[in-house]
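1. sequence first, then the predicted structure, then my questions.
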Amino acid sequence: MKRNVTLAGAAGLIAAAATGSGALAQTVELTLIHPFPDAIVYTKSCKELVGKLNETGAVKIAVRGGNEAIPMFNQPNAVRDGIVDMTCIPAAFYAQTIPENDAISTSNVSPEEARKNGGMALVDKLHARHMKIKYIGWTDSGVGFYMYMGNAPKFKPDGLPDFSGVKLRDNPIYSAFFKALGASAHNLPATEVYSALEKNVVDAAAWTSIGLTQLKWDKFLKHRVGPEFFQADIGVLMNLQKWTSLSANAKETIEKTMLQHEQNSRSARQGERDVEQAALEKDGMKFHALPGDGTKKWLALAQEAAKQRMLDRLKATNRPAEDGEAIWKAYHK
């Protein structure tokens, strides 16, 4: 009888141990929000990353919607406050809180280079310090922005476009640049631009070199102006407390998957850029180069305006410029 009790007790311990191991191995459930409509390539890429992460079994991420659920400019704070766990969002959308983000939005290096030179580690450190957010990585790099217009552009003697009378759609990514160009702009989220174009509230907008056809803005915008400027950046953010609570295995899995997606999404976006440009040209869009020294001045002004905005914001918040200068150097060749 004693032997049976001993065996039963041992069996119970084994069962308890097995149950405990199973509990430790349980998949962590997370939630994610995104800023752009489902049809946009950046949302598709974000959901592709979610799928890859879910396939690992280390986490289970549920997508909770887009701008209709939480307005895009509120999403970083929603992650900070733990309303949702994650988002995939451009750095400029919350650069008022982290001014150093302007260096990311205007970057001309790859995520791989930013990791190697320490820039991304410093970005992560500032996100943790100022927003209690983990900066996991940077997707969909390698493609820049163009200016798209409904009417053919006019140029000033210095080679820069003359935007007088142009109703330009603004966005935090390039608003400092537009002001430096002397443009009058209307700040609108991407989800409202089609209607604004349709109603002639705006007749020009900047967007990346991919996605214009997905948004269907090419129905109204028939001219592409100037050289490509800045670079698309979609940062993958997670609530810091949630990140800290993950197991070492889950963190390692997320970081490994993120690295792969950074590289794969960069290659994919660059391929799509070439395809879309050919399609736009075939459909009759006119591409306008800037005359004279316009290209050189355009690119220099874009960088100078964004950097000055970053420095002004740092000064206004009594934060040292050193981190901003370090990140700027890391994200620019």
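-> Nice, thanks for sending it over.

2. for the rest of this, base every contact and every neighbour count on C-alpha atoms.
-> Noted.

3. off-centre distance for the helix or strand Gln241 falls within?
-> Element membership of Gln241, judged by DSSP states H and E, is helix 240-245. For helix 240-245, the separation from the chain centroid amounts to 21 Å (computed by CA atoms, centre = their mean, to the nearest Å).

4. list the helices and strands that helix packs on?
-> Using 3 or more CA pairs under 8 Å, 6 or more residues apart in numbering; DSSP states H and E as the contact definition, the elements that helix 240-245 packs against are strand 133-139.

5. what's the neighbour count on Ile98?
-> When counting by other CA atoms under 10 Å, one arrives at 21 neighbours for Ile98.

6. part of a helix, is Glu48?
-> Yes: in this structure, Glu48 lies within a helix as judged by DSSP: H, G, I helix; E, B strand; the rest coil.

7. and the longest helix for this structure?
-> Of all the segments assigned as helix in the chain under DSSP state H, the longest by residue count is helix 248-282.

8. contacts only, for Thr213.
-> Taking CA atoms under 8 Å, 6 or more residues apart in numbering as the definition of contact, the neighbours of Thr213 are Glu276.

9. distance of it relative to Leu237?
-> Taking CA to CA, to the nearest Å as the criterion, Thr213 is separated from Leu237 by 28 Å.

10. Leu32 now?
-> Distance check for Leu32 against Leu237: by CA to CA, it reads 9 Å.

11. am I right that Leu32 is in contact with Gly82?
-> No: Leu32 lies out of contact with Gly82 (CA atoms under 8 Å); the separation is 10.8 Å.

12. these two - which one has more neighbours?
-> Of the pair Leu32 and Gly82, Leu32 is the one with more neighbours under other CA under 10 Å, namely 24 against 18.

13. name the SS class of the more buried one, please.
-> Following three-state DSSP, Leu32 is assigned to strand.

14. that one: what's it in contact with?
-> By CA under 8 Å, 6+ apart, the residues touching Leu32 are 61-65, 84-87.

15. could you do Thr31 as well?
-> 61-64, 84-86.

16. tell me what the longest helix of the chain is packed against?
-> For helix 248-282, where contacts count as 3+ CA pairs under 8 Å, 6+ apart, the packed elements are helix 41-56, helix 111-116, strand 133-139.

17. and Phe163, which of the three is it?
-> With three-state DSSP as the criterion, Phe163 was assigned coil.

18. Gly119 touches Glu325, doesn't it?
-> No: using CA under 8 Å, Gly119 is not in contact with Glu325; the gap is 10.6 Å.

19. neighbour count winner among those two?
-> For the pair Gly119 and Glu325, the greater number of neighbours falls to Gly119 (22 against 16), based on other CA under 10 Å.

20. so what's the backbone phi/psi at the more buried one?
-> Main-chain dihedrals, Gly119, degrees, to the nearest 10: phi -60, psi -40.

21. now the one 4 residues further on
-> Backbone torsions for Val123, taken as degrees, to the nearest 10, come to phi -60, psi -50.

22. if I look at it, how far off is Gly324?
-> Spatial separation of Val123 from Gly324 under the definition CA to CA is 10 Å.

23. hey, what's in contact with both of these two?
-> Residues touching both Val123 and Gly324 comprise Glu100, with contact defined as CA under 8 Å, 6+ apart.

24. ranges for the helices of this structure?
-> Counting by DSSP H, the segments of the chain that form helices are 2-24, 41-56, 75-80, 101-105, 111-116, 119-131, 175-180, 193-198, 212-215, 240-245, 248-282, 294-316, 322-331.

25. out of the ones you listed, which gets the lowest mean score?
-> Within the helices of the chain, the stretch with the lowest mean pLDDT is helix 2-24, showing a mean of 38.

26. let me see the contact set for the residue nearest in space to the middle of the chain.
-> The structure's the chain has its C-alpha centroid closest to Ile234; by CA atoms, centre = their mean the separation is 1.8 Å. The contact partners of Ile234, by CA under 8 Å, 6+ apart, come to 42, 88-91, 138-141.
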